[in-house]
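Asks: sequence-free structure coming up:
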């Protein structure tokens, strides 16, 4: 009998432990709004630079799409956040230091290196965005924001696929990796 009680206690502790781990993986709504907001601003700002500095027409075309899609996502996120009861000022209107430094790197990139650097930062930004939106969709604490994350994920994945096509077809992936 004691053996069964020990097994039951073990199972109970395992279940409680699993629930604690799951609770720690939950993405906070405010954190999601802030990170997604900065991500949208970064995509727009980096892509505006690409319109000015990119040498390749396909890169400029991609940048135009980034501006349109991320501007639309920013507007939708602000609307959903407001409907969900969040203050719209909780979504940043300025870049954080990390993303500001990436913009500075793009601004100072040589003509020969700009397209490659722009595609590299797009790759990294979309990998991060997909991770953020996927995590919020799975564990977020606000249903309206979770639905927004779920609806936005396919577009982010499409962007990432296009970025990966640039790295596979137009650029030497080893050279891209070496710029990190």
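Replies: Cool, the structure landed. The structure presented is a predicted model; accordingly, all values stated were derived computationally and were not measured.
Asks: Can you list the buried residues in the stretch of helix or strand residue 106 belongs to?
Replies: Using DSSP states H and E, residue 106 sits in helix 97-107. Neighbour counts over helix 97-107 (16 or more other C-beta atoms under 10 Å) mark 99, 102, 103, 105, 106 as buried. Any C-beta I mention is one placed from the backbone N, CA and C, and that applies to glycine too.
Asks: What of stretch 45-61?
Replies: Residues 45, 46, 47, 49, 50, 53, 54, 56, 59, 60 are the ones in stretch 45-61 that count as buried (16+ other C-beta under 10 Å).
Asks: out of those, who's nearest residue 127?
Replies: residue 46 (14.7 Å; C-beta to C-beta).
Asks: the inter-axis angle of whichever strand or helix holds that closest one versus helix 97-107?
Replies: When elements are assigned from DSSP H and E, residue 46 belongs to helix 29-53. If you take axes from the mean of the first three to the mean of the last three C-alpha atoms, to 10 degrees, helix 29-53 sits at 10 degrees to helix 97-107.
Asks: Would you mind pulling up the elements that helix 29-53 packs against?
Replies: helix 57-83, helix 97-107, helix 111-139, helix 143-165 (3 or more C-beta pairs under 8 Å, 6 or more residues apart in numbering; DSSP states H and E).
Asks: Pick the most buried one from these.
Replies: helix 111-139 (a mean of 19; mean count of other C-beta atoms under 10 Å).
Asks: tell me the pLDDT at the residue nearest to the spatial centre of the chain?
Replies: Closest to where the C-alpha atoms of the chain average out (C-alpha atoms, centre = their mean) is residue 129, at 1.2 Å. pLDDT for residue 129: 96.
Asks: same deal with residue 164?
Replies: Looking at residue 164, its pLDDT reads 89.
Asks: wait, what's in contact with it?
Replies: residue 123 (C-beta atoms under 8 Å, 6 or more residues apart in numbering).
Asks: how close does it get to residue 157?
Replies: According to C-beta to C-beta, to the nearest Å, residue 164 and residue 157 sit 10 Å apart.
Asks: same thing with residue 61?
Replies: Applying C-beta to C-beta, the value for residue 61 to residue 157 is 19 Å.
Asks: now swap in residue 134 and tell me
Replies: 10 Å.
Asks: cool, residue 86 as well?
Replies: In this view, residue 86 and residue 157 are 25 Å apart by C-beta to C-beta.
Asks: how far out from the middle of the chain is stretch 48-68?
Replies: Here stretch 48-68 shows a centroid-to-chain-centroid distance of 19 Å under the convention C-alpha atoms, centre = their mean, to the nearest Å.
Asks: Assign a three-state SS to residue 95, would you?
Replies: For residue 95, the assignment made with DSSP: H, G, I helix; E, B strand; the rest coil gives coil.
Asks: what bits of the chain have low per-residue confidence?
Replies: For the chain, the stretches with pLDDT under 70 are 1-26, 168-180.
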